[in-house]
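>>> requesting a structural model of the entry that follows:
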Amino acid sequence: MHKSSCQCCVCKTKRQEPHKKACNCMACRMIRGENIGKKHPSYIDGRTSKPNFCKVCNKRIDRMAKNCSIHKTMSLSSRQKTSDAQKKLWNDSTHRRKMIVNIFKSNRCLPNKPEKFLIKSLNDILPDAYKYVGNGKFWIERFNPDFINSNGQKKIIEFFGEYWHSTPKAIQRDKIRLKTYKKYGYDTLVIKQKDFVEMNSLEAKILAFNATKE
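Below is the predicted model of the structure:
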């Protein structure tokens, strides 16, 4: 019999009874090799102490997981339910507006550099005639114009950069955008990035647009 003050010769813990060969304490199981390598509870695909990464997007994840929350395995029915629920929420104009506004608030890089240049140019050409609202301050349905007229005229100036407005999908979206503005009685001047090359021509275009009657 072991005394309460002595230690087991195998697991080094204090015992009052003789050590059993089939002892299931953590120390004994490790000594017997039961929790080493592939037998360890944390063993996943050959990785134990090494960092674990999602197999799809390579994002670092918990070492007990196989994929990140985005790429975790879901049944087709669960995916469809999630998709239908999100689409239903997005079709709600109040929810959609709230989500878009939150995205704009988190995006602190607006206005971008070309828009800042256009703000300065508009203030030089037509002081206080147009104000920048492209950071989510003004909406027409689901579209947020870049500049609106400050003098009561229903006029909009949009800046279309080459990167975000040149793909077929973007071109189709911009057609819907201009039709939406027109439906609410707004005239729109589209300024493209290449227009900055000839500033005299751009100035004349802005002045001509501002002089036109609604």
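>>> what about P127, neighbour count?
Using other C-beta atoms under 10 Å, the number of residues around P127 comes to 8. The C-beta positions use only the backbone N, C-alpha and C, and glycine is treated the same way.
>>> brain fart, L126
L126 has 17 neighbouring residues, counting by other C-beta under 10 Å.
>>> what does the one 10 residues further on give?
Burial of G136 is recorded as 16 neighbouring residues (other C-beta under 10 Å).
>>> wait, it sits on M99?
No. Contact criterion C-beta atoms under 8 Å: G136 and M99 do not qualify, at 11.2 Å.
>>> break the chain down into its domains, please.
76-106, 113-211 (automatic domain parsing).
>>> quick one: the helices in this protein?
26-31, 76-91, 93-106, 113-125, 168-183, 199-211 (DSSP state H).
>>> among the ones you listed, which is nearest F53?
When those are compared by C-beta to C-beta, helix 76-91 sits nearest F53, at 22.7 Å.
>>> tell me what that closest one is packed against?
Contacts defined by 3 or more C-beta pairs under 8 Å, 6 or more residues apart in numbering; DSSP states H and E place helix 76-91 against helix 93-106.
>>> residues of the helix it packs on that come out buried?
The neighbour-count check on helix 93-106 (16 or more other C-beta atoms under 10 Å) flags nothing as buried.
>>> before we move on, what about stretch 181-192?
Buried-residue list, stretch 181-192, by 16+ other C-beta under 10 Å: 181, 186-191.
>>> now swap in stretch 102-121 and tell me
Quick answer for stretch 102-121 (16+ other C-beta under 10 Å): 115, 118-119, 121.
>>> how about those, which pair is most distant?
Farthest apart among those by C-beta to C-beta are E115 and S121. That separation is 10.4 Å.
>>> in this structure, which helix or strand is least confident?
Lowest on mean pLDDT, DSSP states H and E among the helices and strands of the chain sits helix 26-31, with a mean of 69.
>>> thinking again about what came up before, please produce TSV containing the buried residues of stretch 181-192, extended by pLDDT and distance to Q153.
TSV is the format used below for the buried residues of stretch 181-192 (pLDDT from 0 to 100; distance: C-beta to C-beta, whole Å):
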residue	pLDDT	distance to Q153
Y181	95	13
Y186	94	9
D187	94	8
T188	95	12
L189	95	12
V190	95	17
I191	94	17
